[in-house]
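# Next input, structure requested:
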Amino acid sequence: MSRVSIPEDKQEEFQKLQEQYAQQRKLYQNTAGQMAVLDREKARNDLTNTELKKLPAETVMYKQVGKMFVQAPGPKVMEEIGAENKSFDTRMSELGSKRETYEKALLETEGQLKAIIEKATAAQ
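Predicted coordinates:
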């Protein structure tokens, strides 16, 4: 592959687009990472809830508060886990829409970069 030389009048625009692309890519990856963490937490909560439902109602349960554990009624613990899962779902949908926005911006910037490269290639 031969090296493409960008015309001087497009150098600054090309560099700004490259920086913008790198920044958008970082935002996209961060969002995808946050979604993966939330997904794992939700799966862990679902598994915990499934296991708790198998236990008798009178089973003594504890929930973590900071570094200590406090006794709590089973239904309350399961209710809190369910509420946490609902907040995870809300956060996941917010992050999903952000990720879509970042993906569109990435594709647009990538298209602009390709257009500059193609013009430079055609001019050679």
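# Strands of the chain, residue ranges please.
61-65, 68-72 (DSSP state E).
# where does this structure have low pLDDT?
1-2, 4, 124 (pLDDT under 70).
# same thing but at 90, please
Scanning the chain for pLDDT under 90 picks out 1-14, 56-60, 74-75, 116-124.
# Give me the longest helix you can find in it.
Identified as the longest helix of the chain according to DSSP state H is helix 74-123.
# What helices and strands are in contact with that one?
helix 8-54, strand 61-65 (3 or more C-beta pairs under 8 Å, 6 or more residues apart in numbering; DSSP states H and E). Heads up, the C-betas are built off the backbone N, CA and C, glycines and all.
# Present the strands of the chain as JSON lines; the columns should include mean neighbour count.
Listed next are those as JSON lines, based on neighbours: other C-beta atoms under 10 Å:
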{"stretch": "strand 61-65", "mean neighbour count": "12"}
{"stretch": "strand 68-72", "mean neighbour count": "10"}
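# nearest to Glu84, of the ones you listed?
For those, the distance to Glu84 is smallest for strand 61-65, at 11.2 Å, taking C-beta to C-beta.
# between that closest one and strand 68-72, how many degrees?
Put simply, strand 61-65 runs at 140 degrees to strand 68-72, going by axes from the mean of the first three to the mean of the last three C-alpha atoms, to 10 degrees.
# ok, strand 61-65: who's next to it in the sheet?
strand 68-72 (antiparallel) (DSSP bridges).
# Tell me if I'm right that Tyr102 and Leu27 touch.
Yes: between Tyr102 and Leu27 there is a contact under C-beta atoms under 8 Å: 5.1 Å.
# The two: which has the busier surroundings?
Neighbour count, other C-beta atoms under 10 Å: between Tyr102 and Leu27, Tyr102 has more, with 20 against 16.
# which residue packs closest to that one, ignoring adjacent ones?
Tyr28 (4.1 Å; C-beta to C-beta, 6 or more residues apart in numbering).
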